[in-house]
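Participant: Any chance you can model this:
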Amino acid sequence: MLKKLFLIIPIMGVLMAFATTAQADNANPKVFMKTSMGDITIELYPDKAPITVKNFFSYVDEKFYDGTIFHRVMKGFMIQGGGLTADFKSKPAKPAIKNEATNKIKNKRGTIAMARMPDPDSATCQFFINHVDNPSLDHRDNTPEEYGYAVFGKVLKGMDVVDAIANVKIMTRSGRANVPRETITIISVRRVESD
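Facilitator: Below is the predicted model of the structure:
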């Protein structure tokens, strides 16, 4: 009995180590967003939104988001950024991507989704973080009006920063409403290589 026990314990150790490694391998990728109002860590969902995550990483890896701003802030709705510089110039974006809003991930508080024009497949670089649950942004059918906005991740740390950004004073500037009075800069967005 004692011999069997000594045999079982190492096998269990190997199995547990394998399970831990498998869990680490299956962990979702993350990005660290440094802003002028604090830091936000975001987990991405490549299994649910592969096109969107690949597109987002292409901008991250090119440091495209560095120096862009949160240019549209709506308390009780969302904060949007990633496409304009501090002087309100649009950065040149890559071609638009396929909308993955049919992935059934809801626009819940803290999720990150792609901003777009009325055409469902018009998202490029701009994204938004939901300040509250926004079911009106979820996919309902395949018409342009009801197609929804593709969620591709969620804030893991820094919702207090999202809340702080959502609560800033806003104004109209360059024909755009809901612009923060004080510029909120995205200093950098980088992949998180390990936890």
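
Participant: The residue most central in space within the chain: what secondary structure?
Facilitator: In the chain, the C-alpha nearest the mean C-alpha coordinate belongs to residue 112, at 3.6 Å (C-alpha atoms, centre = their mean). Per DSSP: H, G, I helix; E, B strand; the rest coil, the local secondary structure of residue 112 is strand.

Participant: Count the neighbours of the closest residue to it other than its chain neighbours for me.
Facilitator: Once flanking residues are discounted, residue 112 sits nearest to residue 153: 4.6 Å by C-beta to C-beta, 6 or more residues apart in numbering. In short, each C-beta sits where N, CA and C put it, glycine included. Number of residues near residue 153 (other C-beta atoms under 10 Å) recorded here: 26.

Participant: and stretch 45-63, how far out from the chain's middle?
Facilitator: Here the centre of stretch 45-63 is set off from its chain's centre by 9 Å, with C-alpha atoms, centre = their mean, to the nearest Å.

Participant: Can you give me the buried ones in it?
Facilitator: 45, 46, 48, 49, 51, 52, 53, 55, 56, 57, 59, 60 (16 or more other C-beta atoms under 10 Å).

Participant: so who does the fifth one touch?
Facilitator: Contacts for residue 51 were tallied using C-beta atoms under 8 Å, 6 or more residues apart in numbering; they are 97, 98, 100.

Participant: neighbours around the first one, how many?
Facilitator: Neighbour count for residue 97, taken as other C-beta under 10 Å: 20.

Participant: what do you get for the second one?
Facilitator: Applying other C-beta under 10 Å, we find 13 other residues in the vicinity of residue 98.

Participant: Next, the nearest residue to residue 181 once chain neighbours are set aside: phi, psi?
Facilitator: Distances taken as C-beta to C-beta, 6+ apart place residue 169 nearest to residue 181, at 4.6 Å, with adjacent residues excluded. The phi/psi pair for residue 169 (degrees, to the nearest 10) reads phi -70, psi 140.

Participant: ok, residues contacting the helix or strand hosting the residue nearest to residue 112?
Facilitator: Assessed by DSSP states H and E, residue 153 sits inside strand 151-157. With contacts defined as C-beta under 8 Å, 6+ apart, strand 151-157 is touched by 28, 30, 39-45, 48-49, 52-53, 56, 100-101, 103, 105-108, 110-114, 129, 162.
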